[in-house]
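Visitor: Give the three-dimensional model of this entry:
(chains A and B)
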Amino acid sequence: MAQPNQIYMDYSSYCPIEPRVLKEMLPYYERYFGNPSSPHSFGVQMKAGLEAAREKVASLINAEKPSEVIFTSGSTESINAALRGAAFRNKEKGNRIIASSIEHISVRNTLKYLAKNGFEVVYLPVDEYGVVSVESLKGAMNERTVLVTVMYANNEVGTVEPIKEIADIAHEKNAILHTDATAAIGKMPIDVNRDGIDMMSISSGDMYGPYGIGALYLRRGTRFEPLILGGGQEAGFRSGTENVAGAVGMGKAAEIAKAEMAQEAERLSKIRDRIIKGTKEAITYSFLNGHPTLRLPNNINMRFSFIEGESLVLSLDMEGIAASSGSACSSKTLEPSHVLLAMGIPHEEAQGSLLLSLGRWNTPQDAQKLLEVLPNIVRGLREMSPIAPPGVR
Amino acid sequence: MGMYTEKVMDHFRHPRNVGEIKDADGIGKVGNPVCGDLMWIYIKVKGDRLEDVKFKTFGCGAAIATSSMITEMAKGKTIDEALKISRQDVADALGGLPAIKMHCSNLASDGLKSAILDYMKRNGIKPPEGIKIESEHEDVCETG
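Guide: Predicted coordinates for the structure are as follows:
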């Protein structure tokens, strides 16, 4: 955990493991071992742990059958498997794939790969809050559409998408609906039946479970081909000897999320709203990125005109606060956040974005500390900025 | 954060010579806020020496640190000496920069050169042969 003088507000970049999860996992490293496919008692013990975990993950998302949950190495693999598996398996139906323009880079790069391999990818615009245009989806759908992929909630700006409506439109043309729920899982209730989801990618790390494990929800009957071939584990959908300890950890994380999500969301959204309000009041030319209410309870994304985000993040770190930015300098590609640009925010404004993502160990005192230091940091950077109009601090 | 040297962080934490020079003899403006970096370098010239150098910068940690460093490196130097300071010199003086920052955020030497060229232009002085603004000869910022 963080040191007493440190504040971690970067849970969407990396989430620490919950001690109750680790405790559940340890016996699977220290005591139990054996291949879950083996018929002997060692294997049976492992298989039991694996299947109990699968039930817990299925329960969190209200899957009809635990067998619809396939364990993978994480969201990135789930996304690759889902998009490629559904596209290639259904290519005789057509080659159109429809996606939002604010998807995570794992989805974007997988779609680029599919575009190189004969698929036609259509990107849907979003409004100023990052909400996907349902009207433009209606216009883009045709008989040759095999797959629609829209994230459940955006990882950068926290906007929650109208997945149920999107799924209904996709299903009218018999297209498969995939959603990347990495940012949303464990933060808000997700019900694959209510929401009409056919495939969903989730990770364990983002809900205080271990990294290196995730899951793909695959509705029974969805036409799909596996990405990873081998010994036929996970009902043939994902080969490779199972990561049982990881799955057990993910299962425990799912169980805790299901039990505690509602009260945790309420607690975090209070801290979130206090930071948003306090920041707007204390700093001129500060704006909220994303939707004011259709928003993940732990997400704060603000932008400050005339300054650049990486220097903001470095300055906050000097005060012991860990955060992220959507600025070009903060990215490996040296491009500002495609999410902010898709929302119509100009390049130079997108450079000044600050992403604060809250989690289990944040307290109202953390908000207080942030609000004490942030105005001075912004003022200092604006004093140094050649584009800040005189008098703007 | 670990990506920057202690020297870079020192200049980021305590930037030297921030501000404008109201009656500057030359001003160099380089970069583009669209790319995430913009530097304005102000110089005051006395005889053939840079008596004062100040900066204003919009940009990341590396952009601010290189701006601060160039003001220290250039102050008191003759114009000829100052024109010879390269981007590599600035990076070396800071104990190195992350590879990804070597181009886009390392504009300070260009800013200084451009301020000196501005001073020469204002005073009808012919610039020496072969002076080039390094960042003008490459695409430092490719935006989608």
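
Visitor: Tell me the spacing between the residue most central in space within chain B and chain A.
Guide: Geometric centre of chain B, nearest residue: B:Ala108, 1.9 Å, by C-alpha atoms, centre = their mean. Distance from B:Ala108 to chain A, counting by C-beta to the nearest C-beta, to the nearest Å: 13 Å. (Glycine included, C-beta is placed from N, CA and C.)

Visitor: quick one: pLDDT of that residue?
Guide: With respect to pLDDT, B:Ala108 scores 92.

Visitor: For it, what are phi and psi?
Guide: phi -60, psi -40 (degrees, to the nearest 10).

Visitor: contacting residues for it?
Guide: B:39, B:41, B:55, B:66-67, B:69-70, B:87, B:90 (C-beta atoms under 8 Å, 6 or more residues apart in numbering or on different chains).

Visitor: which of those residues come close to chain A?
Guide: Among the contacts of B:Ala108, the ones lying near chain A by C-beta under 8 Å from any C-beta of the partner chain are B:Met39.

Visitor: now for the contacts of B:Ala108, which pair is the farthest apart?
Guide: The largest separation in the contacts of B:Ala108, counting by C-beta to C-beta, is between B:Phe55 and B:Arg87 at 15.3 Å.

Visitor: would you turn the contacts of B:Ala108 into CSV with pLDDT and distance to A:Pro189?
Guide: Listed next are the contacts of B:Ala108 as CSV, based on pLDDT from 0 to 100; distance: C-beta to C-beta, whole Å:
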residue, pLDDT, distance to A:Pro189
B:Met39, 95, 49
B:Ile41, 97, 55
B:Phe55, 97, 52
B:Thr66, 95, 49
B:Ser67, 96, 49
B:Met69, 96, 52
B:Ile70, 96, 54
B:Arg87, 92, 53
B:Val90, 95, 53
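
Visitor: Just the contacts of B:Ala108: which are in strands?
Guide: Residues of the contacts of B:Ala108 located in strands (DSSP state E): B:39, B:41, B:55.

Visitor: mind giving me JSON lines with these and columns for neighbour count?
Guide: Formatted as JSON lines, those follow (neighbours: other C-beta atoms under 10 Å in any protein chain shown):
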{"residue": "B:Met39", "neighbour count": "27"}
{"residue": "B:Ile41", "neighbour count": "33"}
{"residue": "B:Phe55", "neighbour count": "29"}
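
Visitor: Mind listing what's buried along stretch A:312-323?
Guide: Buried residues in stretch A:312-323, counted by 16 or more other C-beta atoms under 10 Å in any protein chain shown: A:312-316, A:319, A:321-323.

Visitor: list the contacts for the nearest residue to B:Thr78 once chain neighbours are set aside?
Guide: Spatial nearest neighbour of B:Thr78, chain neighbours left out: B:Asp48 (5.0 Å); criterion: C-beta to C-beta, 6 or more residues apart in numbering or on different chains. Counting by C-beta under 8 Å, 6+ apart, B:Asp48 touches B:78-80.

Visitor: Report the buried members of those residues.
Guide: The neighbour count (16+ other C-beta under 10 Å) marks B:Ile79 as buried among these.

Visitor: In helices, which of the contacts of B:Asp48 fall?
Guide: B:79-80 (DSSP state H).

Visitor: Same list, the contacts of B:Asp48, but as TSV with pLDDT please.
Guide: TSV is the format used below for these (pLDDT from 0 to 100):
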residue	pLDDT
B:Thr78	97
B:Ile79	96
B:Asp80	94
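
Visitor: for the contacts of B:Asp48, which one is nearest A:Ile98?
Guide: B:Ile79 (59.8 Å).

Visitor: List phi and psi for B:Asp92.
Guide: Dihedral angles (degrees, to the nearest 10) for B:Asp92: phi -60, psi -40.

Visitor: which ones are touching the closest residue to B:Leu97 other than its chain neighbours?
Guide: With sequence-adjacent residues excluded and distances taken as C-beta to C-beta, 6+ apart, B:Leu97 is closest to B:Ala91, at 4.7 Å. By C-beta under 8 Å, 6+ apart, B:Ala91 lies in contact with B:66, B:97, B:102, B:106.

Visitor: where's B:Thr57, which helix or strand?
Guide: strand B:49-58 (DSSP states H and E).

Visitor: Quick check: residues of chain B near chain A?
Guide: Counting by C-beta under 8 Å from any C-beta, the residues of chain B near chain A are B:1, B:4, B:9, B:12-13, B:15, B:18, B:29, B:33-40, B:56-64, B:100-101, B:104-105, B:141-144.

Visitor: try 7 Å
Guide: Neighbours of chain A within chain B, by C-beta under 7 Å from any C-beta of the partner chain: B:1, B:12-13, B:15, B:18, B:33-36, B:38, B:40, B:56-61, B:64, B:100, B:104-105, B:143-144.

Visitor: Could you verify my assumption that A:Ile283 touches A:Ile377?
Guide: No: if you go by C-beta atoms under 7 Å, A:Ile283 and A:Ile377 don't touch, sitting 9.6 Å apart.

Visitor: what's the closest non-adjacent residue to whichever residue of the stretch 151-300 of chain A sits closest to chain B?
Guide: At 13.5 Å from chain B, A:Tyr285 is the closest residue in the stretch 151-300 of chain A, using C-beta to the nearest C-beta. With sequence-adjacent residues excluded and distances taken as C-beta to C-beta, 6+ apart, A:Tyr285 is closest to A:Ser305, at 4.0 Å.

Visitor: Pull the contacting residues for the one you found.
Guide: By C-beta atoms under 7 Å, 6 or more residues apart in numbering or on different chains, the contact list for A:Ser305 reads A:285, A:349, A:352.

Visitor: how many neighbours does residue 27 have?
Guide: Assuming you mean chain A. 13 (other C-beta atoms under 10 Å in any protein chain shown).

Visitor: To clarify, I was referring to chain B.
Guide: The burial count for B:Ile27: 17, using other C-beta under 10 Å.

Visitor: mind checking how far it is from chain A?
Guide: Separation of B:Ile27 from chain A (C-beta to the nearest C-beta): 10 Å.

Visitor: So that residue, which state does it fall into?
Guide: Assigned by DSSP: H, G, I helix; E, B strand; the rest coil, the conformation of B:Ile27 is strand.

Visitor: Quickly list what it is bridged to.
Guide: Listed by DSSP bridges, the beta-bridge partners for B:Ile27 are B:Tyr42.

Visitor: Please apply the same query to A:Leu177.
Guide: Assigned bridge partners for A:Leu177, using DSSP bridges, are A:Val148.

Visitor: List the contacts of it.
Guide: A:148, A:166-167, A:170-171, A:196-198.
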